[in-house]
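Colleague: have a look at this prediction, sequence included:
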Amino acid sequence: MHSLFGGATTRRAFLKTVGGGAAALAVGGIAMPAIAQSNNLTIVFNGNNENQTNALKAIIAAFEQQSGATVTLNQMDHEAHKTAIRNYLVAGAPDICFWFSGNRMKAFVDRGLFDDISDLFVQENYQSVLGGTINAVTVNGKQYGLPLAGTLWGNFYLKNVFEEKGLVAPTTWDELLTYGEAAKSAGMAPFAFASKELWPCAGFFDALNLRINGLESHIALMDGKMSYLDPALTAVFDRWEELIKGGFFLENHSSYGWQEAAPLLAQRKAGIMNLGNFIKYAIPEADLPHLTFVPFPKIADIPRFDDFSTDSVHIPANAKNKELGRQFLAFFYQPENLAAYLAPAGNVPPRNDLPPSSDPLVNAAVESLKQVQGTAQYYDRDTDPDMAQAGLNGFQEFMVRPERRQDILNRLEQTRTRIFKV
Amino acid sequence: MYPRPIPQTAVGLRRAYMVLVIAILVLWLAPLFAILLTSARSTSDIAAGNLWGWPTQFGLIDNYVGVFTQTPMARFFANSLLITVPAVVFVLALSTLAGFVLSKYPFRGSMLVFAIFIGGNFLPAQIMMIPVRDLMVRLGLYDTTWALIVFHTAFQTGFATLFMRNFIAALPKELFEAARAEGASPTQILIHVVLPLVRPALAALAILLFTFIWNDYFWAVVLTLSDTVKPVTAGLANLRGQYVSAWNVISAATVIVAVPPVAMFFLMQRHFIAGLTMGAVKG
Amino acid sequence: MSNVWRRHRGWITPAIFILPAIVLFGVVIVASSLQSVWISLHEWDGFGPMQWIGLGNYEELFADPQFYTSLKNNVIWLVIFMLAPPLGLGIALLVNQQIKGMRIVKSLFFVPLVLASVAVGVVFTWVYTPQFGLLALLFSAFGASAPALLSDENLVTFAVVFAALWPQIAFCMVLYLAGLNSLSEDLIGAGRVDGARGWNMLRHVVLPQLTQVSFIAIAITAIGALRSFDMISVMTQGGPFGSSSVLAYQMYEQSIFSYRFGYGAAIATILFLIMLVFIVWYLNRIMRAEDRSA
């Protein structure tokens, strides 16, 4: 260590190293693409399901073989990726990145950070196989990404537990109330609810609002065109309060993450969990065959609307190799490749020409979707991110302190007026 | 010495003392045992909510192997070393030089410079995110290990300069006066007087800096993107799934990530305490 | 030439010595921070053009109830964190014996400090988890049920601070261990001759010699309390409904989740002003101490 402090020499050496390194990298960053244009593709992937990653790797290997390109796959933690994408889309974009459709995609589209890939849609004729999900990646008539896995939200429960305890999965509001009393007298929480991650509260709000006020009104609220003090929402919060005060939700739900609460179904401590089909990861394998779901109970006499959130894959506007990116997307989106990619996670496929899944939950969701008249993405994907943050906190507070309803709604309305400048 | 040493002859008292110390130590480290035990649990144990009991089913090998198969952990580990070691060395060099000048060659405004070093280091790091990111992009360093090396070097130089300045200021004045009387230049004083004396402080500082930089997660997310650059803490986070966290594998990874700083401390403990004794503490 | 050099080397060499540190720190840290203050005067989402709004962010901040919740929590952190120096001293006194095996024991006491704070946060979440947590298990052993600390808006901050205290005590312990090693044997000996023992010895002979250590321990602890971020992010994400947020976390949340970099920068600026109090106090102490010894 002593020699490190040889004064001037070291310092010069240090500056030289830093300077040299910077120069080399600067050259790398600017000069390389010229050579790499035709051959190098960088992908940022935010999934953490090991099997899904392996499926993606297999697709990449096949693509490399077919096209002669070299593909670099960078995997990123799902949460960290949300921070990173805001940096790399501006600073040093990959050629392909995975993200979410709906408003989260639109936020980047509005800032010119995602590439318009409508040409790819025309070339591959995706319009004909995508159906309604195409709307999730469309802004002003142009497509900015390919929709991937869809998650249908509903009330999940274990059939065997329900039979054992003599419970009936509710399909109407009255049945829900009856079910709740039955569950409570069986010593179970009617809803295994977990709000530590905040977003599950919004799922419940969405379900109630979609059942009571319908899709159009819900989207108006999401777009900031409707007030949080609108009388139409009174019924939503009234019903919600009825359940809260009736002890329908797991006690201390803000201490639980959803992964900690979901096992309560198998432990017979709670009956239903309102979630997407990823709930299956937290259910012990032995109970998995019994896992099923019903749509959220019908309330008002309106068609059925539900949250159906889709992830998606995009080409950043600053990508270095957009042509190869398109080639990869087209390859990746071929039915057999897409099916291989989607199978491990058990999501609803966006294309309607894929073979039926071997997962009964997926097929049930596909069937159930046919009854749905229209879909929203999810509260925190549909509305402005700033609004979503305030909303999630507000809903959680309401679920713990329903008596503060008016304060909370006033605050949300204030936030709405600030964000949407109304 | 204080407290009064327990005499070697008082065997009973020594035994009682050791029992007391170990009892407190066990309580003190209970959370650590939870991590170690959980790193040996099977997934079904976790699903059943067994976080504190003895594992009913062991998955020790699966978990530790899983760390290396589910993420390029070996690569991340190497990256972490490539980031942490140079950054620590640079910080030690810069802060020794700066601390030497600030304590022995005060100039007009030197107190202000010192104040800025301290103040800058106390800033909440998150707020520098965007400016630092833009700076690294302009320098062409974004998504390279150099981005993290440069940032950590700059950031930790504040704290380290404070430490080294206090240490050097506390060295006996007579040494410097004698050296100057003999006509030694600042460079000679640095090499022949300061360096031999600050080595314990450098050892202590090195451990602290190593720990701080090694454990950084936030900047790893902000400044890096590629697997070939990312440090081990980002790899740790990679294990947290989109919807499912495998706490057993995460615990195993946590244990693996903690090994280098803990090992460093064990190896250098004697220097560490000695360095702090003479350095920070005398200020 | 050589003469000129000889005449000026007295200041040129030191200037060259300190320059790299000043330049690097100035360009990366100081410039970035100043830029943040500049950003705080704008409305900015982190991508697009910045829009000048003067003090608008600050006006909004001072009317934001969440700001006061965060501020209150920062005060709670600061107050409870001040337990770390005395507790660290306590452990240091306990283990400051030269017995075979004590070196390992001392190292083990230090381990919490080198663990990533993510790990500490996760494991303390396991302590507090209802039903399965350590606390719940302990309570149920006595037939009681534990409060869900992380769900209680009034208790959650205390629960998080308690977890963060663990590594902080270890830090203070190490500092005091070093301090105890440098005690003057003469003074201790004289104290013993005068019949000082136990508490009296600690109070009148030992503590006065540890003033400098205590001063550093308190400064580091105060800054740690104000900068607290990781533990909150891991354990509660500021929840339930923002009741455990602190300024550093609120700033992060506003910038990252709500895309409000201007507002976030304004929070950071306020946080920095609060820290400035400690920095000035600290510098003042150092300068006075040196004036005395000079």
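Modeller: In hand now; what should we look at?

Colleague: the helix or strand containing residue B:26 - contacts with which helices or strands?
Modeller: According to DSSP states H and E, residue B:26 maps onto helix B:11-28. Applying 3 or more Cβ pairs under 8 Å, 6 or more residues apart in numbering or on different chains; DSSP states H and E, one finds that helix B:11-28 contacts helix C:84-95, helix C:102-114. In this view, the C-beta of every residue, glycine as well, is placed from N, C-alpha and C.

Colleague: angle of the longest one against helix B:11-28?
Modeller: Put plainly, it is helix C:102-114. Relative orientation of helix C:102-114 versus helix B:11-28 (axes from the mean of the first three to the mean of the last three Cα atoms, to 10 degrees): 10 degrees.

Colleague: for helix C:102-114, the distance to its chain's centre please.
Modeller: For helix C:102-114, the gap between its own C-alpha mean and the chain's C-alpha mean amounts to 20 Å (Cα atoms, centre = their mean, to the nearest Å).

Colleague: same question, the shortest one
Modeller: When distances are taken as Cα atoms, centre = their mean, helix C:84-95 is centred 17 Å away from the chain's centroid.

Colleague: which residues sit against that helix?
Modeller: Residues outside helix C:84-95 that contact it (Cβ atoms under 8 Å, 6 or more residues apart in numbering or on different chains) are B:2-3, B:20-21, B:24, B:28, C:102, C:105-106, C:109, C:165, C:168-177, C:179-180, C:202, C:210, C:214, C:217-218, C:221.

Colleague: turn the helices and strands packed on helix B:11-28 into TSV, including mean pLDDT, mean neighbour count and distance to residue A:148.
Modeller: As requested, these are exported to TSV (pLDDT from 0 to 100; neighbours: other Cβ atoms under 10 Å in any protein chain shown; distance: least, Cβ to Cβ, whole Å):
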stretch	mean pLDDT	mean neighbour count	distance to residue A:148
helix C:84-95	94	20	48
helix C:102-114	84	19	41
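
Colleague: can you list the ones you listed in JSON lines and add distance to residue B:267?
Modeller: Putting those into JSON lines (distance: least, Cβ to Cβ, whole Å) gives the following:
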{"stretch": "helix C:84-95", "distance to residue B:267": "19"}
{"stretch": "helix C:102-114", "distance to residue B:267": "10"}
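
Colleague: out of those, nearest to residue C:64?
Modeller: Of all the helices and strands packed on helix B:11-28, helix C:84-95 sits nearest to residue C:64, with 30.2 Å by Cβ to Cβ.

Colleague: picking that back up, how about the helix or strand following the helix holding residue B:26: buried residues?
Modeller: Once helix B:11-28 ends, the next helix or strand along the chain (criterion: DSSP H and E) is helix B:30-38. With burial defined by 16 or more other Cβ atoms under 10 Å in any protein chain shown, the residues of helix B:30-38 counted as buried are B:31, B:32, B:34, B:35, B:37, B:38.

Colleague: can you check stretch A:414-422 too?
Modeller: Buried, per 16+ other Cβ under 10 Å, within stretch A:414-422: A:415, A:416, A:419.

Colleague: what helix or strand does the first one sit in?
Modeller: Taking DSSP H and E as the criterion, residue A:415 maps to helix A:405-420.

Colleague: ok, now which ones touch residue 279?
Modeller: Because you didn't say which chain, this covers chain A. Residue A:279 sits in contact with A:156, A:258, A:262, A:273, A:291, where contact means Cβ under 8 Å, 6+ apart.

Colleague: think we crossed wires, I meant chain C
Modeller: B:115, B:118, B:119, B:122.

Colleague: and it, that one's in a helix?
Modeller: Yes: judged by DSSP: H, G, I helix; E, B strand; the rest coil, residue C:279 forms part of a helix.

Colleague: who's in contact with the residue lying closest to residue A:282 once chain neighbours are set aside?
Modeller: Distances taken as Cβ to Cβ, 6 or more residues apart in numbering or on different chains place residue A:262 nearest to residue A:282, at 3.5 Å, with adjacent residues excluded. Contact analysis of residue A:262 by Cβ under 8 Å, 6+ apart lists A:192, A:194, A:273, A:275, A:279, A:282, A:283.

Colleague: for residue B:161, grab the count of nearby residues.
Modeller: Close neighbours of residue B:161, defined as other Cβ atoms under 10 Å in any protein chain shown, add up to 30.

Colleague: name the helices or strands packed onto the strand or helix carrying it?
Modeller: Following DSSP H and E, one finds residue B:161 within helix B:145-169. If contacts are counted by 3+ Cβ pairs under 8 Å, 6+ apart, helix B:145-169 sits against helix A:8-36, helix B:73-104, helix B:110-121, helix B:129-138, helix B:195-214, helix B:218-223, helix C:2-25.

Colleague: keeping just the C-alphas, turn the fifth one into CSV.
Modeller: Spelled out, that is helix B:195-214. Output in CSV follows, covering the C-alpha atoms of helix B:195-214 (Å, rounded to 0.1, in the frame of the first residue of the first chain):
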residue,chain,number,x,y,z
LEU,B,195,2.7,8.0,5.5
PRO,B,196,4.4,5.8,8.1
LEU,B,197,2.2,7.2,10.8
VAL,B,198,-1.2,7.1,9.1
ARG,B,199,-1.1,3.4,8.1
PRO,B,200,-3.3,2.3,11.0
ALA,B,201,-5.8,5.0,10.1
LEU,B,202,-5.7,3.9,6.4
ALA,B,203,-6.4,0.3,7.5
ALA,B,204,-9.4,1.4,9.6
LEU,B,205,-10.7,3.6,6.9
ALA,B,206,-10.2,1.0,4.3
ILE,B,207,-12.5,-1.4,6.1
LEU,B,208,-15.2,1.2,6.5
LEU,B,209,-15.0,2.3,2.9
PHE,B,210,-15.0,-1.2,1.7
THR,B,211,-18.2,-1.9,3.6
PHE,B,212,-19.9,1.2,2.5
ILE,B,213,-19.1,0.8,-1.2
TRP,B,214,-19.6,-2.9,-1.3
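
Colleague: for the record, mean pLDDT for it?
Modeller: Looking at helix B:195-214 alone, the average pLDDT works out to 87.

Colleague: quick revisit: what does the helix holding residue B:26 rub up against?
Modeller: Helix B:11-28 is contacted by residues B:6-8, C:91, C:94-95, C:97, C:99, C:101-102, C:105, C:108-109, C:112 when judged by Cβ under 8 Å, 6+ apart.

Colleague: what angle do it and helix B:30-38 make?
Modeller: Going by the same axes, to 10 degrees, helix B:11-28 makes 70 degrees with helix B:30-38.
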